[in-house]
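# build the 3D model from these lines:
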Amino acid sequence: MCGIVGLFVGCSALAYCPRKALAPAGAAPAAGAAPVAGAEPVGGAGQLTGAGAGADGGQVDVSYSSPFGRWAERATVRRSPRRELSAPSSDASRYFSPELVPVARHPLIAELRPELFDTVLVQHLYRYLDFTAKLETLVVNRTALGIAQGSVGVGLPEEMRFDAYKIYCDEAYHALFSVDLMRQVRDSTGIVPVLPEQPYFLRRLEEIQQELPQHTRALAELLFVTVSETLISASLAELPVDSEIVPAVRETIRDHAADEGRHHVYFAAFLRYLWAALDPAARREAALLVPRLIAAFLQPDTDAVRTELLGYGLTRDDAEQVLAEVYDEKTVAAHTRATAKRTISYFVALDVLDDPMVEHEFRAHGLL
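Alright, predicted model coming up:
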């Protein structure tokens, strides 16, 4: 319903989310289908270090130390059992924490009759899981496969390309256990998922790509995957351990967080290789895109929230009050800055803010 981590804008703790549903006819090709704008490969298979000339003629260090050394022992797909839903107990009676559902903490929602309030939480869980499945299978894995097969226009070490296959396995399993859990909750509660056909973040990404020259659209998706994979792990790490949530939900989120920590390290390294592969003009294009891509991932989908609230019987005036008070400008801006801090630091390390135009764009989006 909301855009990615925007699902949890205003929460005391954050959670991750997913991205990209079915691409419409005429959409940009997969990120791995053609070289990115201005790309020049940086080193051959097996090369673990290298450098690329910066926009100012300097060098961008590119080195890789695999975070997947013990993947066969630690990956969720290799070690964790299927998370099976049991009947909620008196100690674990909810399917999602109200602390992670911004509207649930508003008095007009908190005062709903208990069964309707529970529906608010369950529907939020459905959106969380649906976003995960679509993000992982339809976008992240498309990019992971392009990296693994060497078709994204960025020269990478052989080990790094091999690790992309591990990410591919991880993400496919994340989608599987998300859909599995969603089906179990539906069968247990009798609450039918009410989900958008297309996640809001995906629509935003496609709108951004349609405004770009054809040669830059694949680059935008590479950047979006990098942004999403670093934001997701940061958000999952903030999740509280809520004893009132049914164990299968807690364990599924914990499983996902363990894998995504490794993905974060990987894509932080991939960004350096990508930057070294871009010429100065493409670097500027990429840097100017970053604030918009972060916003596409983090900003809440207030239109969808409004529709949901009206479905619970709120009047339009009450729904507008909830939106205004839950998603006020200061709260959204603070949430965006806090969530994106680590991701932004990776771009700052590449000296992107040395360009006044880029710095202005970051400030205009409230990221600095």
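# can you give me the helices for the stretch 101-250 of the chain?
Here the stretch 101-250 of the chain has its helices, by DSSP state H, counting those that start in this stretch, at 107-110, 114-135, 141-149, 158-189, 200-210, 214-236, 247-277.
# between the ones you listed, which one is closest to residue 332.
helix 200-210 (14.1 Å; C-beta to C-beta). Where C-beta positions appear, they are placed from N, C-alpha and C, glycine not excepted.
# same question for the closest one, mean pLDDT?
Mean pLDDT, helix 200-210: 90.
# and that helix, how far from the chain's centre?
14 Å (C-alpha atoms, centre = their mean, to the nearest Å).
# dump stretch 360-368 to CSV, restricted to CA.
What follows is stretch 360-368, C-alpha atoms only, in CSV (Å, rounded to 0.1, in the frame of the first residue of the first chain):
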residue,chain,number,x,y,z
HIS,A,360,21.2,20.9,-4.0
GLU,A,361,19.1,17.9,-5.1
PHE,A,362,19.9,16.0,-1.9
ARG,A,363,18.9,19.1,0.2
ALA,A,364,15.8,19.7,-1.8
HIS,A,365,14.6,16.2,-0.8
GLY,A,366,15.5,16.9,2.8
LEU,A,367,18.2,14.3,2.9
LEU,A,368,21.0,16.5,4.3
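# buried stuff in it?
361-362, 365-367 (16 or more other C-beta atoms under 10 Å).
# list of residues touching it?
287-288, 290-292, 294-295, 333, 336-337, 340, 344, 353, 359 (C-beta atoms under 8 Å, 6 or more residues apart in numbering).
# can you tell me which of these is nearest residue 164?
residue 290 (21.8 Å).
# rewinding a little: would you list the helices of the stretch 101-250 of the chain in TSV and tack on distance to residue 304 and mean neighbour count?
Below are the helices of the stretch 101-250 of the chain laid out as TSV (distance: least, C-beta to C-beta, whole Å; neighbours: other C-beta atoms under 10 Å):
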stretch	distance to residue 304	mean neighbour count
helix 107-110	15	15
helix 114-135	9	21
helix 141-149	24	22
helix 158-189	18	19
helix 200-210	6	20
helix 214-236	19	24
helix 247-277	22	22
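# now those helices as CSV including distance to residue 329?
Converted to CSV, these look like this (distance: least, C-beta to C-beta, whole Å):
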stretch, distance to residue 329
helix 107-110, 20
helix 114-135, 23
helix 141-149, 32
helix 158-189, 32
helix 200-210, 18
helix 214-236, 20
helix 247-277, 29
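# so which of those helices gets nearest residue 301?
With C-beta to C-beta as the measure, helix 200-210 is the member of the helices of the stretch 101-250 of the chain nearest residue 301 (3.8 Å).
# that closest one - contacts with which helices or strands?
helix 214-236, helix 280-298 (3 or more C-beta pairs under 8 Å, 6 or more residues apart in numbering; DSSP states H and E).
# may I have it exported as CSV, CA atoms only?
Presented in CSV, the C-alpha positions along helix 200-210 are these (Å, rounded to 0.1, in the frame of the first residue of the first chain):
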residue,chain,number,x,y,z
TYR,A,200,3.2,2.3,-5.1
PHE,A,201,7.0,2.3,-5.1
LEU,A,202,7.0,0.4,-8.4
ARG,A,203,4.8,2.9,-10.0
ARG,A,204,7.1,5.7,-8.8
LEU,A,205,10.1,3.9,-10.2
GLU,A,206,8.5,3.4,-13.6
GLU,A,207,7.4,7.1,-13.7
ILE,A,208,11.0,8.1,-12.9
GLN,A,209,12.3,5.8,-15.7
GLN,A,210,9.8,7.1,-18.2
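# that one relative to helix 114-135, how many degrees between them?
In terms of direction (axes from the mean of the first three to the mean of the last three C-alpha atoms, to 10 degrees), helix 200-210 departs from helix 114-135 by 40 degrees.
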